[in-house]
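**Q** How does the following fold in three dimensions:
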Amino acid sequence: MKSKRIISIVLSLSITIGSILGASYAAKAADPLHGVVSSKQGLNVRSESNSNAKIIGSLKLDESVEILETTGDWYKIKFDSSYGYVSKQYIVLDKNTPNKDTLDKNTSNNNTPPKEDQTKENQNPNTGDKTPSKVPEYKNFDQRKNIDTLKQWKIKFNRKIKDTESNKNEFKVVDSKGNFISTKTLIEDYSVTVIPWSTSYNYEENYKLIIGDNIESADGIKIKYTSTLPFSIKSKVNSIGLGEKETESVNNDKGYDWYIGQNDTGKYSNVNSGPAAVAMAIKWTNPLLDKSIAYIRDTYENSGSAWSINNIISALKDSSINYSSCDAINEDSLKKQLKDGNILIANLNPQYINYNNSSESKVGRFHTVDGNTYTVIIKGYKVVDGKTYFEIYDPFNINSNYLDGSAKGKNNYYPANEVLNSLTAENVHPIVISKSN
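**A** This next block holds a predicted model:
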């Protein structure tokens, strides 16, 4: 038989194709056993009995093979002047083959051609088949769900891919309406990476990654085969670690950016969360009253200790900011203040707020705290899957961002029960900054 040269397509990061790890089982036949290839897309012949082994050739549909022995889910076959291994599920035994009882009992009666699936052994056609009736076919992989909006797809090949514009144009992403999405394609040796170019994917939208049928390897081999990978983008709340279904949301942002980080704000930058929260509250009430954190710190407290509620109140009074105390420490009371359009300044004990250093999830405290107090702004809330999360401006930003590019500390989410546990344990009543300022 003549060996065909082929190129395997494996979608890494998007498609996980595990090795076939069946029990080690081998049984030699007393007389030669024969079978035929049942995969219309051809069948890879490998150097060993696993799907990660080197491809040493290929077989085409209905090609006859001589089976030397069975090893788990693989047949060892005579191949050219040596031998190779093929997946048993794509070989139909010749009905006249003697001694079939020496084969693996789990597959010896399998005389029905298998359905197409997504294993490596059934991904590629015979590139050398020039029969006019043979046309490239799509391989539809299972849909991938809850994908990130900035997802990069990496496609690996077993040959180097030529870095040309025509090859790059063979990798496309379309939305549910068939519109092409702007992407950037990078080709590097054996891999191709497809990334969103100008904007990220839309939340909860469905897309398809399409791999074309005219890709050329560095040594001139053409891949006459196409593949598609459907994928859906996760919801916005899911993308930040909150859950699946949002049923309520309140946000008291302004039409301008009023977030202020405490990084590089003077000698006591690491404990300047109190002055930073005051600076944000002032800017929230009126952007023209913008005051620096260093100025506020030096005016009211310069000892290097964390600010108490009394320090915060003194600074608010000096700037004529209308404030009050949230007397009841419970979820409904805090949510009512937020629904009324107000924001809250709260001193929290970090031991009650779970630490989370994830580069994607925005739930929890992303930094360590020196001492037992740090100050945040509570500016809204979300109810997701029946659980309330307070929307936080945490001024402790050290010029670090999440993977989506957003600043850490800006729009983080704390579970309501953690916030309430801290306030109750420390007997701290949040300060209400009125929208009427």
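**Q** Could you report the distance from residue 354 to residue 363?
**A** For residue 354, the distance to residue 363 under the criterion C-beta to C-beta, to the nearest Å works out to 8 Å. Yep, even glycine has a C-beta here, placed from its N, CA and C like the rest.
**Q** And for residue 413?
**A** With the distance defined as C-beta to C-beta, residue 413 ends up 5 Å from residue 363.
**Q** joint contacts of residue 354 and residue 363?
**A** Taking C-beta atoms under 8 Å, 6 or more residues apart in numbering as the contact criterion, the residues that touch both residue 354 and residue 363 are residue 415.
**Q** out of these two, which sits in the more crowded spot?
**A** A direct count of neighbours by other C-beta atoms under 10 Å for residue 354 and residue 363 places residue 363 higher, at 19 against 12.
**Q** so what's that one up against?
**A** So, once contact is read as C-beta under 8 Å, 6+ apart, residue 363 ends up touching 240-242, 356, 389, 412-415.
**Q** Can you go through those and name the buried ones?
**A** Applying 16 or more other C-beta atoms under 10 Å to the contacts of residue 363, the neighbour count classes 240-242, 389, 412-415 as buried.
**Q** Keep only those of these that are in strands.
**A** For those, membership in strands holds for 389, 412-415, with DSSP state E as the criterion.
**Q** want to try CSV for those residues, with pLDDT and distance to residue 421 as columns?
**A** Listed next are these as CSV, based on pLDDT from 0 to 100; distance: C-beta to C-beta, whole Å:
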residue, pLDDT, distance to residue 421
389, 97, 14
412, 96, 17
413, 97, 16
414, 98, 11
415, 97, 9
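**Q** Among the residues you listed, which pair sits farthest apart?
**A** 412 and 415 (11.3 Å; C-beta to C-beta).
**Q** Overlap in contacts, the two.
**A** Overlap between the neighbourhoods of residue 412 and residue 415 consists of 363-364, taking contacts as C-beta under 8 Å, 6+ apart.
**Q** From residue 84, how far off is residue 64?
**A** Distance of residue 64 to residue 84, given as C-beta to C-beta: 14 Å.
**Q** And the strands in the stretch 251-400 of the chain, which stretches?
**A** When secondary structure is read from DSSP state E, counting those that start in this stretch, the stretch 251-400 of the chain shows strands at 323-325, 343-348, 374-384, 387-393.
**Q** hang on, the earlier thing: neighbour count for residue 64 and residue 84, which is higher?
**A** Legend: neighbour count by other C-beta under 10 Å for residue 64 and residue 84, higher for residue 84 (27 against 11).
**Q** now the strand or helix carrying residue 250: mean pLDDT?
**A** Following DSSP states H and E, one finds residue 250 within strand 246-251. Computed over strand 246-251, the mean pLDDT rounds to 95.
**Q** which other helices and strands contact it?
**A** Taking 3 or more C-beta pairs under 8 Å, 6 or more residues apart in numbering; DSSP states H and E as contact, the helices and strands that strand 246-251 lies on are helix 331-339, strand 374-384.
**Q** Next, the angle from it to helix 331-339.
**A** With axes from the mean of the first three to the mean of the last three C-alpha atoms, to 10 degrees as the criterion, the two stretches strand 246-251 and helix 331-339 enclose an angle of 50 degrees.
**Q** Next up, the contacts around residue 37.
**A** 43, 59-63, 65, 90-91.
**Q** Which strand residues bridge it?
**A** When bridges are assigned using DSSP bridges, the partners listed for residue 37 are residue 91.
**Q** do residue 215 as well
**A** Each beta-bridge partner of residue 215 is listed here: residue 223, as defined by DSSP bridges.
**Q** ditto for residue 347
**A** Going by DSSP bridges, residue 347 is paired in beta bridges with residue 375.
**Q** what's it in contact with, if anything?
**A** Residue 347 touches 274, 306-309, 312, 373-375, 426, 428, counting by C-beta under 8 Å, 6+ apart.
**Q** Next: residue 290.
**A** Taking C-beta under 8 Å, 6+ apart as the test, what residue 290 contacts is 279, 282-283.
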